[in-house]
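Visitor: Got a sequence here, can you model it:
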Amino acid sequence: MALPHGGVSTDTKTVTYASYLDLDRLLAAQHPSSDRHDELLFILIHQTKELWLKEIIHEVRLAKRLVRSGEVEPAYKALARVSRIQSIMTLSWDVLATMTPADYMSFREGLGTSSGFQSWQFRTLEYLLGLKDASFLAFQDEGSAPMAELKGALEAPSLYDDALSRMAAHGLAVPDEVLNRDVSQPYAPSPAVEDAWLAVYRDTARYWELYQLAEKLVDLDDALLTWRHKHVLTVERIIGGKPGTGGTAGAAGGGYLQRTLQRRCFPELWSLRTRL
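Guide: This next block holds a predicted model:
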């Protein structure tokens, strides 16, 4: 389908660029609470983030299925695509940073108690990558579709769990207590898992597919940390140390945003490097 050049006919119905992309609804989905010029940018940045998160979740779920089934190499493409999308999302902070503190404060009151904490897609991604924290369920309505999505991701093995199972399938010594742990709980780094990954990195020819998978995972973690760091800088640039609209701590000091910079989805893939 050559979308930019019109449409094609399917079952006698003409599909146009606008109808295929549902542009009428998409472009009518911005509802500023004020007449301030910069509010549209603020809305579009966050809506775009949610669209990219939808695609990232789509790709991570594909990668999980492939890794679980032993098709590790085909998973590389999905994971590489996620990393590219993460780069675009990080660059979007530079666009938002063109908004000055005065610009933001001119419409901030209209945001009410809305907060990025309520982004169920972002929390779903964190759960899929292994950052399990059930406290974020409290930001969703019981019985809602977002709650169901979040609970499903919380209670299922993460991408890292799938990778560790694949390591065990290759004969590497991943402890049973790691393989059979309660996957709804935060992952605790394991010296034995670090040893197993170290074996992969010390014999890349033998464990090539696991080595490549590990580096793709580090790409994801690196990009997520870069995104978080740019988020912190942008928030600090625009609102300084003020609390967020949802009442959360701001960017300064030891607030939530600063603490996220210490989180690692795949901790042993970072710690093993000191031992190489």
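Visitor: need the helices for the chain, in chain order.
Guide: Ranges of helices within the chain are 17-20, 23-27, 39-68, 72-96, 101-105, 120-129, 145-155, 159-169, 176-179, 191-202, 208-239, 256-260, 267-271, based on DSSP state H.
Visitor: Ok, which of those comes nearest residue 139?
Guide: helix 120-129 (7.5 Å; C-beta to C-beta). The C-beta positions use only the backbone N, C-alpha and C, and glycine is treated the same way.
Visitor: Need the residues that contact that closest one.
Guide: By C-beta atoms under 8 Å, 6 or more residues apart in numbering, the residues outside helix 120-129 that reach it are 50, 53-54, 56-57, 60-61, 64, 116, 132-133, 136, 139-140, 146-147, 149-150, 153-154, 156, 158-160, 220-221, 224, 265-266.
Visitor: Report the buried members of those residues.
Guide: Among these, those classed as buried by 16 or more other C-beta atoms under 10 Å are 53, 56-57, 60-61, 64, 132, 136, 139-140, 146, 149-150, 153-154, 158-160, 220-221, 224, 265-266.
Visitor: Pick out the shakiest of the helices of the chain, pLDDT-wise.
Guide: Ranked by mean pLDDT, these end with helix 256-260 in last place, scoring a mean of 68.
Visitor: can you redo the helices of the chain as CSV with distance to residue 112?
Guide: Converted to CSV, those look like this (distance: least, C-beta to C-beta, whole Å):
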stretch, distance to residue 112
helix 17-20, 32
helix 23-27, 24
helix 39-68, 13
helix 72-96, 19
helix 101-105, 15
helix 120-129, 18
helix 145-155, 18
helix 159-169, 34
helix 176-179, 43
helix 191-202, 44
helix 208-239, 16
helix 256-260, 19
helix 267-271, 37
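Visitor: out of the ones you listed, nearest to residue 111?
Guide: Per C-beta to C-beta, nearest to residue 111 of these: helix 39-68, 8.5 Å.
Visitor: just checking, what packs against that closest one?
Guide: Using 3 or more C-beta pairs under 8 Å, 6 or more residues apart in numbering; DSSP states H and E, the elements in contact with helix 39-68 are helix 72-96, helix 120-129, helix 159-169.
Visitor: Quick check: buried residues in that helix?
Guide: Buried, per 16+ other C-beta under 10 Å, within helix 39-68: 39, 42-43, 45, 49, 52-53, 56-57, 59-64, 66-68.
Visitor: sorry, back to before: same list, the helices and strands packed on helix 39-68, but as JSON lines with distance to residue 107 please.
Guide: JSON lines is the format used below for the helices and strands packed on helix 39-68 (distance: least, C-beta to C-beta, whole Å):
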{"stretch": "helix 72-96", "distance to residue 107": "14"}
{"stretch": "helix 120-129", "distance to residue 107": "23"}
{"stretch": "helix 159-169", "distance to residue 107": "38"}
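Visitor: And those helices: which comes nearest residue 239?
Guide: Closest among the helices and strands packed on helix 39-68, once you apply C-beta to C-beta, is helix 72-96, at 11.8 Å.
Visitor: quick one, that closest one and helix 39-68 angle?
Guide: 170 degrees (axes from the mean of the first three to the mean of the last three C-alpha atoms, to 10 degrees).
Visitor: Does anything pack onto helix 72-96? Which helices or strands?
Guide: Against helix 72-96 (3+ C-beta pairs under 8 Å, 6+ apart) you get helix 39-68, helix 208-239.
Visitor: Show me how far the last one is from its chain's centre.
Guide: Computed by C-alpha atoms, centre = their mean, to the nearest Å, the chain-centroid distance of helix 208-239 equals 9 Å.
Visitor: Likewise for the first one?
Guide: With C-alpha atoms, centre = their mean as the basis, the distance from the averaged C-alpha position of helix 39-68 to the chain average is 7 Å.
Visitor: quick one: it to helix 159-169, angle?
Guide: Using the same axes, to 10 degrees: helix 39-68 against helix 159-169 is 20 degrees.
Visitor: any idea how far residue 140 is from residue 153?
Guide: Residue 153 is 12 Å from residue 140, where distance means C-beta to C-beta, to the nearest Å.
Visitor: All set, thanks.
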